[in-house]
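K.L.:
structure for this input, please:
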Amino acid sequence: RNIAYAFDVKEGLIKSYDDANKLAEDFDDKITELAGHRVTVFSNCFDNKYIEASDTAEVLQMMMTVLGFIAAVVVLSSIVMIRHKITNDIEEQMESIGVLEALGYKSFEISMSYVYEYLILGLIGSVLGALITVVTDPLMTQLIRVFEGHNGSAGFDIMSIIIPALIIVALIVLMAFLKARSIKKYPPVVAFRRGIRTHHFRKNRLPLEKASSGLNIRLGLRDLLNNRRQNIGLFICIILSGLTIAFAVMVSDIFRGGGAAFKTCTGMEDADFMLTFEQTASSEEIIEELSTLPEVRKASATWFSQVYLITQDKDGESKSRVQANCYKDYKETENIFVREGRLPEYDNEIAIKKSKAEELGLEIGDSLILRGDGIEKTYIISGYVNIIGTNVFLTLDGLKRIDPATDFAINVFLKDKVDVDDFEELIKSKYESGRISLRSISSVDELLEANIGGISRVSQIFAIIMLILVAIIVSVILGFLIDSTIRKQRKQLGIKKAMGYTSRDLRLQMVYRILPVAIPAIIAGAFLAIPVTNTFMAATFGGGMVPRFFWLIPEAILLIGYVFVSAYISAGKIKKVSVTELMTE
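P.N.:
The predicted structure is shown next:
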């Protein structure tokens with residue numbers, strides 16, 4: 001109560017991180033003045049909540065960007081399919097087009113019939129998509145609330161639906177118009193001859209008479225060489241789909257086990273318990289007492305303090321609050337890893353995250369300034385640490401240069417087969433009161449669950465949904481291309497059946513026509529997923545974690561198998577091609 005009355009009564013609104021930071025500093029200074037020694041009590045309120053909300057918003061924004069990328073893949077795939085569909089329709093309906101032209105219809109009028117067809121389809125699809133968006137909006141809002149951890153409202157803007165719908169419809173109409181214009185290349189005489197003008201002799205690059213084996217593969221490759229434009233479109237669609245699936249696999253692996261993968265880059269020891277005590281006993285005394293317990297394998301201390309990183313820019317001095325962690329001897333730590341250089345050994349050395357150093361334009365060997373408790377000191381960067389967040393690492397003597405009154409936590413490592421819950425109750429009862437009084441008890445698992453547990457679960461669901469959607473897109477693209485190819489080459493397929501080729505042979509030829517395009521596209525997509533994943537991690541968590549990229553190898557193999565099976569199943573319509581029906585026609 002005395003402390004509360006020491007403050008002036010003010011009313012206002014905290015609008016930014018700087019406002020919250022200033023309030024925290026004023027609060028700490030006032031408490032320090034009243035207490036007679038430095039006390040930090042406000043650092044985990046507004047400013048940390050702002051940082052937490054900002055980090056969550058960045059993750060959410062990145063995921064929305066990924067969703068936008070998936071939408072772009074869907075739109076691009078649709079445009080490629082529309083282009084291919086119009087080309088096939090023109091070739092299949094060549095004689096009918098010639099009849100219409102002979103009756104007096106202009107090429108432009110015939111072209112516009114295709115444009116109107118896809119305009120109507122585009123409008124219907126946009127309306128259905130808008131309705132689905134409106135219906136699922138409450139579900140998406142609830143997911144965002146779970147993700148952010150509070151009951152915020154994302155709002156609903158009708159223009160955010162109308163504008164993308166108009167853009168998509170415009171792209172569809174533009175592609176339909178550009179492709180349908182090719183009708184003017186076919187006057188009635190050429191159209192009646194199904195596009196044949198005079199003669200057309202192509203070089204036979206894969207002669208069948210020289211094939212000793214693998215006839216189906218050779219025939220598939222011949223079809224591949226004869227459809228270059230279609231293959232370019234297929235390559236683009238599969239490389240984008242492969243990239244998206246590979247990224248989804250990486251996201252799912254990164255957020256596995258409720259964020260357990262982040263344990264190695266938290267910047268803290270992976271102890272069974274992290275204990276803080278009232279400042280009535282030294283860390284050495286507490287460690288010595290805990291080490292006597294039969295359940296304890298090891299006990300160590302982590303000292304920490306909120307300090308300021310001082311930089312100079314064009315506007316003058318700039319400062320940012322970071323947490324300084326330190327250990328007496330980094331050689332005894334089990335979960336603090338250096339990425340480049342080495343961990344601090346002397347009191348004028350510091351280790352920071354590489355992305356932070358790059359942001360400041362610094363390298364190993366350069367110096368920076370830290371301020372704590374009104375004291376500024378210069379430190380030399382000794383190495384880059386592999387962490388998420390913005391922690392910096394000093395030696396204990398190095399931290400005491402700027403903050404003599406440093407808080408500490410005790411890391412307790414238990415022996416194997418020790419019951420964690422029983423030990424927690426033992427600690428609580430042992431240090432509930434007395435000269436050594438327990439302030440808090442926690443663990444890295446609890447901290448991870450509190451900070452990114454919800455994010456991890458939502459991210460995994462998001463990754464699985466993304467993977468399923470893109471896999472469906474791949475199947476639809478393959479099914480559409482194969483179906484149109486079967487209809488286009490119906491007579492040729494019938495002739496091959498009459499010559500003795502089985503439906504299985506023809507289906508394999510269709511698959512071998514697609515695999516030489518799909519395999520390089522899938523491999524390229526997997527390689528592209530590496531920089532995309534690194535960018536995602538740097539933007540959302542500031543880097544630190546090293547993804548397990550070896551999972552991209554089985555992912556690519558499985559995706560190639562999926563394309564093979566999907567193409568083979570889609571080619572099943574070849575069974576319906578009847579030689580008898582073709583002869584009757």
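
K.L.:
centre of the chain to the lengthiest strand in the chain, how far?
P.N.:
Counting residues, the longest strand found in the chain (DSSP state E) is strand 296-313. On the basis of CA atoms, centre = their mean, to the nearest Å, strand 296-313 sits 30 Å off its chain's mean C-alpha point.

K.L.:
surely S443 meets L275?
P.N.:
No: in this structure, S443 is not within contact of L275 by CB atoms under 8 Å, at 9.9 Å. Quick note: C-beta positions are derived from backbone N, CA and C, even for glycine.

K.L.:
where does the stretch 351-500 of the chain dip in pLDDT?
P.N.:
405, 450-454 (pLDDT under 70).

K.L.:
quick one: the strands in it?
P.N.:
367-372, 375-385, 392-395, 407-414, 438-442 (DSSP state E, counting those that start in this stretch).

K.L.:
now the longest strand of the chain against strand 367-372, angle please.
P.N.:
110 degrees (axes from the mean of the first three to the mean of the last three CA atoms, to 10 degrees).

K.L.:
name the helices or strands packed onto strand 296-313?
P.N.:
If you count contacts as 3 or more CB pairs under 8 Å, 6 or more residues apart in numbering; DSSP states H and E, strand 296-313 packs onto helix 283-291, strand 316-327, strand 367-372, helix 396-400, strand 407-414.

K.L.:
at 6 Å instead, please
P.N.:
Applying 3 or more CB pairs under 6 Å, 6 or more residues apart in numbering; DSSP states H and E, we find strand 296-313 packed against helix 283-291, strand 316-327, strand 367-372, strand 407-414.

K.L.:
beyond the longest one, next helix or strand please.
P.N.:
Which is strand 316-327. Going down the chain from strand 316-327, the next helix or strand is strand 338-341, by DSSP states H and E.

K.L.:
buried sites along that following strand?
P.N.:
By neighbour count on 16 or more other CB atoms under 10 Å, the buried set for strand 338-341 is V338, R339, G341.

K.L.:
ok, back up a step: the more surrounded of S443 and L275?
P.N.:
Between S443 and L275, counted using other CB atoms under 10 Å, the more crowded position is L275 (22 against 19).

K.L.:
ok, E349 - contacts?
P.N.:
With contact taken as CB atoms under 6 Å, 6 or more residues apart in numbering, E349 is in contact with I380, S382.

K.L.:
identify the bridge partners of it.
P.N.:
Note on E349: beta-bridge partners by DSSP bridges are I380.

K.L.:
mind pulling up the pLDDT for it?
P.N.:
pLDDT recorded at E349 is 90.

K.L.:
try P554
P.N.:
On pLDDT, P554 comes in at 90.

K.L.:
the residue lying closest to Y562 once chain neighbours are set aside: neighbour count?
P.N.:
Nearest residue to Y562, sequence neighbours excluded (CB to CB, 6 or more residues apart in numbering): A471, at 6.8 Å. When neighbours are counted by other CB under 10 Å, A471 registers 18.

K.L.:
any idea which of the strands of the stretch 351-500 of the chain is most buried?
P.N.:
Looking across the strands of the stretch 351-500 of the chain with neighbours counted as mean count of other CB atoms under 10 Å, the highest average goes to strand 392-395: a mean of 26.

K.L.:
CA atoms only for that strand, dumped as PDB, please.
P.N.:
Backbone C-alpha positions of strand 392-395 (Å, rounded to 0.1, in the frame of the first residue of the first chain) are rendered in PDB as follows:
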ATOM      1  CA  VAL A 392      22.400 -12.700 -25.000                       C
ATOM      2  CA  PHE A 393      25.000 -14.700 -23.100                       C
ATOM      3  CA  LEU A 394      27.700 -13.500 -20.800                       C
ATOM      4  CA  THR A 395      30.000 -14.900 -18.100                       C
END
